[in-house]
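> Sequence first, predicted coordinates after that:
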Protein chains: 4
Amino acid sequence: MNADIKEAVKKITGQVIEWRRDFHKYPEAAWTEFRTAEKVVKVLNSFGYDVTYGSEVVEETAMMGVPTQDVLENSAKRAIEEGADRTVIERMAGGKTGVVGTLYTGRPGPIVALRFDMDANEVQEKTAGEHRPWKDGFASLHAGVMHACGHDGHTAIGLGVAKLLQENKENLCGTIKLIFQPAEEGVRGAKAMVEAGVVDDVEYLFGMHLGFLAGSSDRFICGTDGFLATTKFDAYFSGVPAHAGAAPQEGRNALLAAAHAAVSLHGIPRHAAGVSRINVGVLEAGSGRNVIADKAVLKLETRGETSAINCFMQEEALRIIHGAAAMQGVTVTISEMGGASGGQSDTAIANRLRQAAEDSGLFDVIEERGSLGASEDFTCFLERVQENGGQGGYAMVGINRAAGHHDGAFDFDEAALSNAVTVLTLAVSNLLQKDALSE
Amino acid sequence: MNADIKEAVKKITGQVIEWRRDFHKYPEAAWTEFRTAEKVVKVLNSFGYDVTYGSEVVEETAMMGVPTQDVLENSAKRAIEEGADRTVIERMAGGKTGVVGTLYTGRPGPIVALRFDMDANEVQEKTAGEHRPWKDGFASLHAGVMHACGHDGHTAIGLGVAKLLQENKENLCGTIKLIFQPAEEGVRGAKAMVEAGVVDDVEYLFGMHLGFLAGSSDRFICGTDGFLATTKFDAYFSGVPAHAGAAPQEGRNALLAAAHAAVSLHGIPRHAAGVSRINVGVLEAGSGRNVIADKAVLKLETRGETSAINCFMQEEALRIIHGAAAMQGVTVTISEMGGASGGQSDTAIANRLRQAAEDSGLFDVIEERGSLGASEDFTCFLERVQENGGQGGYAMVGINRAAGHHDGAFDFDEAALSNAVTVLTLAVSNLLQKDALSE
Amino acid sequence: MNADIKEAVKKITGQVIEWRRDFHKYPEAAWTEFRTAEKVVKVLNSFGYDVTYGSEVVEETAMMGVPTQDVLENSAKRAIEEGADRTVIERMAGGKTGVVGTLYTGRPGPIVALRFDMDANEVQEKTAGEHRPWKDGFASLHAGVMHACGHDGHTAIGLGVAKLLQENKENLCGTIKLIFQPAEEGVRGAKAMVEAGVVDDVEYLFGMHLGFLAGSSDRFICGTDGFLATTKFDAYFSGVPAHAGAAPQEGRNALLAAAHAAVSLHGIPRHAAGVSRINVGVLEAGSGRNVIADKAVLKLETRGETSAINCFMQEEALRIIHGAAAMQGVTVTISEMGGASGGQSDTAIANRLRQAAEDSGLFDVIEERGSLGASEDFTCFLERVQENGGQGGYAMVGINRAAGHHDGAFDFDEAALSNAVTVLTLAVSNLLQKDALSE
Amino acid sequence: MNADIKEAVKKITGQVIEWRRDFHKYPEAAWTEFRTAEKVVKVLNSFGYDVTYGSEVVEETAMMGVPTQDVLENSAKRAIEEGADRTVIERMAGGKTGVVGTLYTGRPGPIVALRFDMDANEVQEKTAGEHRPWKDGFASLHAGVMHACGHDGHTAIGLGVAKLLQENKENLCGTIKLIFQPAEEGVRGAKAMVEAGVVDDVEYLFGMHLGFLAGSSDRFICGTDGFLATTKFDAYFSGVPAHAGAAPQEGRNALLAAAHAAVSLHGIPRHAAGVSRINVGVLEAGSGRNVIADKAVLKLETRGETSAINCFMQEEALRIIHGAAAMQGVTVTISEMGGASGGQSDTAIANRLRQAAEDSGLFDVIEERGSLGASEDFTCFLERVQENGGQGGYAMVGINRAAGHHDGAFDFDEAALSNAVTVLTLAVSNLLQKDALSE
């Protein structure tokens, strides 16, 4: 069967690359992946998947860091102008751009899910020199937005896997769910899909990323650990303005509240149980030099080696922010802007991925484990699956890179696309092969 | 009559100096003026005054900055060992060392009060060189305590005035109250006597201080202004200790709460309506280098050109302290340690003092007004009298000084004692002379 | 002569109003007053004044808070499009929009200067309801810019005075300088004209403002005091960015430097010698939530009742800012963005203005003195004149207002324009009348 | 041979306990171990060791956190009164209480060192209830000082090992150094002995501690890791006092400098390479409520999983402290009060200790590794030995405890003493046995 799969991959490699370049040319930032998601819907439908999207798979109350209504509407309008089907777009109103495609084999067996993220970055793509997307005519047409983290590739890989599994359906048992998630950047989107229940019945979960610790095309990392649990939030302070010369005593100083909070937040004690992080990345306060500032915002994040440590950090942070507001007599409101759990890939899944990578013969270096040291909201799905007794794992598929992730010159060797399609298809196929369930 | 008074002063000058030296030799700090007060009681009784003291004239719930029970008891015991009457001392238990002596003329007329303060400073007296109290054998016998602000003189002056008014009683109408106040240092004592009601019926109030703006024996300042309203308080933070290496996250850091509070307190906005002040003079926190500090104390004061401004400062300060505690998750308790109002001498009283000073012929330079720029809890009495429609004023009687106030080498020319007795007696006598009430 | 002047004012009142409305319709913010200044040049030339402008009267190295080159160039271009003479505009390149018109009487006598400011505010004008400029068709055509502080009126008044003095030239002696200053908002422009020497030879200096303490058309304030000396500056912190999750230790945190500085700046001690102020009105730091912020800016101002107190505040502020940068290992650069001196109107000038106001018969309420409690860079001219032994004063001419200064609905009763022209012309004419110099 | 050693241990067990109780009864805090060290000198001499002490083994310039001269002198005097030899004590003047005893076997072979610490804690021993030292009459006779960390045991163990190795000398080759270190508490003493060169020639180094992770008598931990490198220091700020009401602008506020420093120090970024710690445990500032504080002290410590991380923390801390001083215009001086390196026990040594523990048959639970998570200046010796190509390791010998370390009720089961003597003697004997050097 493995040989068949490899052969099948070859046939669709051109198509996968085409998908990826199309997504790359029309990048859409978090919660505005209308055109991308519409295409995913269309393609999955064409493969015979049962497709759900919009509010069926995205719980509105759990969406974090959503852009303004204006931005959402303009993005939806743009998607339609760029050819998307208006009816589909309308069902994604408000940014509910998540899609789930389900393939029922008709035979009893496990429920397996694969998760892919679709959003682009708020980065201006390089349009000069040797930058291949620009030279080859598929650079971003959307100013200030770019696929600089490879999610265009992830989405294309997801569609490629969809195709191969569908072709191979007769040899498989159980059920396959392909989850296409919006808004991974800022770890904003996974929670809303988890809260909508899309993995509540899942027994095996696979996730992947191009690159990161796998820094060349010949490398494959089977199980990723070291996901830092994280919470992103904004704190808006509101005080009372006053003329700084004539009546300073009448002010309630939001700038000082924010400054005190920032200083104190960085002093949250280190946690002895493991890695913790805090960062106030943005502080903006005040309007005029001679006015007691009545508005201020902090944009911050906490992280922890475990969800418990991140929870400690978050609680400390909230207490400090409220205390700093009280200190200056101003009010504060907090908006949660993103979040992910900590997590560990299950060894069983990592082993399956290792087996598939070995079987593929595509990689020179296959590593058991890699420690990310950053955050990915794949962990929200993973946590739910593990809580329900299931298993999950997250691979990193090697790429040769033109520049680092999130850089305007980011590009990667597209051979990685079919490599990833191959490994994931092999792993799922092995897991769901009709006669192998006794393992 | 003036000539008679001047003659009478001469007769008691030696006695007044003797009293002053006795008080100087046995100085007693705030709320421990047991021996001093007992002597005042005894002398006033001997002059035929109606004398009240202890809880009759000091409201316990309004006493601020009282020493520990140990200190109070040891001081009371010491006073008895130094000759004070045990029965009197026992009625002053807990530091209620205020005394009021009342002289009824038996003729209808105004109620006039004079206020004198009795407490010494926590200063070590110089015992060397040309320091006169030491050379002449009346330097402090109490280690670490010294009359370095002239209150020994004030008390002696009060007794001198008591003597002269009693001798002159037949020429006077109305009622005279001589108020001997404990704990002026730290502005801790006046409030408790005001709350006990000792000036509720007073129509005219006189206060005075040796020196300050009147820097030589030939000067007299008739009306003092520029009293800064002030509040003194201590803030005790209490958190949770933890080992700084093994479990920093388990601590609740009182040191950081206090540090944040101190920094923020100094940033209370300037008040456009007038002078304001804030000072955290003392911060003590923590016990060991490797322990998250669970205890901290701030000792601070606010001031304002008016009571309203000081009130603003105090409210800001309290809010900040509570906010800083909340920020660090620690608790805080506040103890009010002292306080005084702002205030202005009434012109009518200043004029009476000017007239008396002129009549005395004792001063070369008589100034209408002086602005203190500091705090004195005489203002608590003044505020109450003025609220009730009465008038009050505060004079400064010139002294030649050996060193500045509160200095271990402080001493003054004792001629000022009889000068002060003369002017105050003249002023009161003029006000209460039997036939002059039509003025 | 007074009657003649009043008659002459009537004849030009319509013209003055027309000028004011023209300036109102084409408002120009600080250092971009190209069209306004060009018109002033043209009109003064037409009156026969000797006119200098550009680098002759604006010292480039002393210009503060100048906009970017882009803004300057676009503004100059716009002025030309709106009808200004290109040659004149080119001589004002870089924002040197100050103008000085000099009238030589040909007779020996004092040198008298009047100063008017020309710049508009960065305020969006109201375009609705009863707002008169909008109803009557002279509301701002420049988005986001508006004459909301009356400088349109000041410039028109200056031209009116220019006309009348020129007409009356034969009755006058000495020399008259009319100074039209850019960039009073933010107290940015006066220093550059003073440094160019425009008042170095001036013996008498007059300044004025519509409104402020003179809140109705029937009021006139002869001498303004209580100018707060002030310094405006920006502090740019520059650190090192780092990923907040992966390598926080590699960052140098500019946000924390700015936050510490802001907190500490507000804690600069109150100055016992008089009013002081400090305000950090704006703090902007950081670019992304998950990046250690490497950039931050503080916009702040200090003030003082005297230049000495402001100097103390400024020195403290600079030390704190540099210390905070050192604390976080970041660099900081300071840009001075504006500044004014403290100052007092000379009584002699205030008296002249009072006399003129009385002679005008236009005001019901004439006040000797008013205390501004804010900053005006007229004081830079005043300080220079007084240092050279001259005298100066600053009047406030009453207006009925539709809304407060700097409000988008600000408007005033244009009767004030001729009132101001009258009083200033009278005051100067009295001072320079041919036969009156013996006074 | 092992059987012989075990037999030999039995014979000296009573003596070891007696030594321990003697040290317990006369506890001496850091740098004042005069009596203890004198006894060690005397005993080692009696065993025929070559003994050096005082400035030969303690480098004065590297002594940290030394008590005042008064304390040193009083302690030395007390030791003499308690029976110590005056001549020996005098050679330890200034606190140089370190002792090194060397045993030369006379046969070529490795140089092996064992290190024991001798100082007591500043803890008041419990003198009530079931506290065994009190019941059995060997509780501390020195108020406020107590052996609450088992160093009395360590010293006794060292003497026991000295005895056994000397008895077994004929079977051994190489050289044995027994190092008795003062001032381990506060990690103050090791550096001075290392700088004196006492381990410069050492090839194998052993250290041990009773208890900690080995919480019952049947446990033995062979190799300790997780030593946190640490630096302890005090920062003394010195400013200018001023009256907070009359002239606040004249002060230079040391309290605010210390508060800002404390707040900022806790915000030193977490280091991604491993565990870091920072704690300001003590802040004391100011003298009076109404005085701008001119003095402040911070007592702090940094820690790191490696010396490099601690070095980062220390450099950040120093920069912040100096920056905070600059911010307030005050001066600061830093005193290093203690320090230790990070470190790892070498596996080869841990294996030797495991072998010895197994051979002893004394322990039920033998663990390969334990992670301390705290600091111990044994690491200073270890670092030097490892730098020179040698090996070292640190064991934890189980105790049953009455209370936690550093608690006034601390006590331990004295069986641990002979257990430790046995294992250490076995380990050294195996390493130095005459015929085993080929291993």
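Thanks, I have it. Residues are numbered from 1 along each chain as shown, chains lettered A, B, ... in the order given.
> So chain A: which segments form each domain?
Using automatic domain parsing, the domain parsing of chain A gives A:2-224+A:342-436, A:229-340.
> need the residues of the stretch 101-250 of chain A near chain B, please.
Listed as neighbours of chain B in the stretch 101-250 of chain A under the rule Cβ under 8 Å from any Cβ of the partner chain: A:Ala246, A:Ala247, A:Pro248, A:Gln249. Any C-beta I mention is one placed from the backbone N, CA and C, and that applies to glycine too.
> Could you grab the helix/strand/coil label for the first one?
Secondary structure state of A:Ala246, per DSSP: H, G, I helix; E, B strand; the rest coil, is coil.
> could you dump the helix or strand containing A:Glu90 to CSV, C-alpha only?
Assigned by DSSP states H and E, A:Glu90 belongs to helix A:86-91. Output in CSV follows, covering the C-alpha atoms of helix A:86-91 (Å, rounded to 0.1, in the frame of the first residue of the first chain):
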residue,chain,number,x,y,z
ARG,A,86,-21.3,34.7,-1.9
THR,A,87,-23.6,32.1,-0.2
VAL,A,88,-20.6,30.3,1.3
ILE,A,89,-19.0,33.6,2.5
GLU,A,90,-22.3,34.7,4.1
ARG,A,91,-22.3,31.6,6.2
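> Skip ahead from that helix and say which helix or strand is next.
Going down the chain from helix A:86-91, the next helix or strand is strand A:99-104, by DSSP H and E.
> What residues sit buried inside that next one?
By neighbour count with 16 or more other Cβ atoms under 10 Å in any protein chain shown, strand A:99-104 contains the buried residues A:Val99, A:Val100, A:Gly101, A:Thr102, A:Leu103.
> The closest residue to the fourth one other than its chain neighbours: what's it in contact with?
Which is A:Thr102. Of all residues beyond its chain neighbours, the one nearest A:Thr102 is A:Asp50 (4.4 Å), with distances taken as Cβ to Cβ, 6 or more residues apart in numbering or on different chains. Residues near A:Asp50 by Cβ atoms under 8 Å, 6 or more residues apart in numbering or on different chains: A:Gly101, A:Thr102, A:Leu103, A:Tyr104.
> Roughly how far does A:Asp50 sit from A:Glu56?
A:Asp50 sits 11 Å away from A:Glu56, going by Cβ to Cβ, to the nearest Å.
> I'd like the distance between the residue nearest to A:Phe34 when sequence neighbours are not counted and chain D.
Counting by Cβ to Cβ, 6+ apart, A:Ala79 is the residue found nearest to A:Phe34 once chain neighbours are left out, at 3.6 Å. Using Cβ to the nearest Cβ, to the nearest Å, A:Ala79 is found at 40 Å from chain D.
> What does A:Leu372 show for phi and psi?
A:Leu372 adopts backbone torsions of phi -70, psi -50, taken as degrees, to the nearest 10.
> how close does A:Ala416 sit to C:Glu383?
A:Ala416 is 71 Å from C:Glu383, by Cβ to Cβ.
> can you check A:Ser55 too?
For A:Ser55, the distance to C:Glu383 - Cβ to Cβ - is 69 Å.
> Quick check: residues of the stretch 301-439 of chain A near chain C?
A:Glu301, A:Arg303, A:Met337, A:Gly373, A:Ala374, A:Ser375.
> could those residues go into CSV alongside neighbour count?
Converted to CSV, those look like this (neighbours: other Cβ atoms under 10 Å in any protein chain shown):
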residue, neighbour count
A:Glu301, 29
A:Arg303, 29
A:Met337, 19
A:Gly373, 20
A:Ala374, 19
A:Ser375, 28
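> can I get these in JSON lines with pLDDT, secondary structure and distance to C:Asp234?
Converted to JSON lines, these look like this (pLDDT from 0 to 100; DSSP: H, G, I helix; E, B strand; the rest coil; distance: Cβ to Cβ, whole Å):
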{"residue": "A:Glu301", "pLDDT": "97", "secondary structure": "strand", "distance to C:Asp234": "28"}
{"residue": "A:Arg303", "pLDDT": "96", "secondary structure": "strand", "distance to C:Asp234": "33"}
{"residue": "A:Met337", "pLDDT": "94", "secondary structure": "strand", "distance to C:Asp234": "29"}
{"residue": "A:Gly373", "pLDDT": "81", "secondary structure": "strand", "distance to C:Asp234": "37"}
{"residue": "A:Ala374", "pLDDT": "86", "secondary structure": "strand", "distance to C:Asp234": "35"}
{"residue": "A:Ser375", "pLDDT": "91", "secondary structure": "coil", "distance to C:Asp234": "35"}
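> closest to chain B among the residues you listed?
A:Arg303 (14.4 Å; Cβ to the nearest Cβ).
> which residues in the stretch 151-300 of chain A form strands?
Taking DSSP state E, counting those that start in this stretch as the test, the strands found in the stretch 151-300 of chain A are A:175-181, A:204-210, A:219-227, A:229-238, A:276-285, A:295-304.
> related to what we said a few turns ago, and A:Ser55 and C:Glu383? Which one has more around it.
C:Glu383 (21 against 16; other Cβ atoms under 10 Å in any protein chain shown).
> secondary structure class for the more buried one?
C:Glu383 ends up helix, using three-state DSSP.
> Skipping adjacent residues, who's closest to it in space?
Nearest residue to C:Glu383, sequence neighbours excluded (Cβ to Cβ, 6+ apart): C:Ser341, at 4.4 Å.
> which ones are touching the one you found?
Contacts for C:Ser341 (Cβ under 8 Å, 6+ apart) come out as C:Phe227, C:Ala229, C:Ser307, C:Thr379, C:Cys380, C:Leu382, C:Glu383.
> Just give the nearest non-adjacent residue to the third one, would you?
For C:Ser307, the nearest residue in space outside its immediate sequence neighbours is C:Ala229; the separation is 4.3 Å by Cβ to Cβ, 6+ apart.
> Look at A:Pro110 and say how many residues are nearby.
Burial of A:Pro110 is recorded as 15 neighbouring residues (other Cβ under 10 Å).
> which phi and psi does it have?
A:Pro110 adopts backbone torsions of phi -70, psi 160, taken as degrees, to the nearest 10.
> Okay, it and C:Asn171: tell me how far apart.
From A:Pro110 to C:Asn171 the distance is 107 Å (Cβ to Cβ).
> dump the residue contacts of A:Ala120.
Contact analysis of A:Ala120 by Cβ under 8 Å, 6+ apart lists A:27-29, A:33, A:140, A:142, A:145-149, A:151-152, A:185.
> A:Val291: what's it in contact with?
Taking Cβ under 8 Å, 6+ apart, we find A:Val291 in contact with A:Pro241, A:Ala242, A:His243, A:Ala244, C:Asn279, C:Gly281.
> And the pLDDT for the closest residue to the fourth one other than its chain neighbours?
Across the structure, with Cβ to Cβ, 6+ apart as the measure, the residue nearest A:Ala244 apart from its sequence neighbours is C:Asn279 (3.4 Å). At C:Asn279 the predicted local distance difference test score is 97.
> Kindly report the same for A:Ala258.
With respect to pLDDT, A:Ala258 has a value of 98.
> A:Leu372 too?
At A:Leu372, the pLDDT value in this model is 86.
> Would you mind confirming that it is in contact with A:Ile221?
No: at 9.6 Å, A:Leu372 does not count as touching A:Ile221 under the criterion of Cβ atoms under 8 Å.
> Neighbour count: these two, which is higher?
A:Ile221 (29 against 21).
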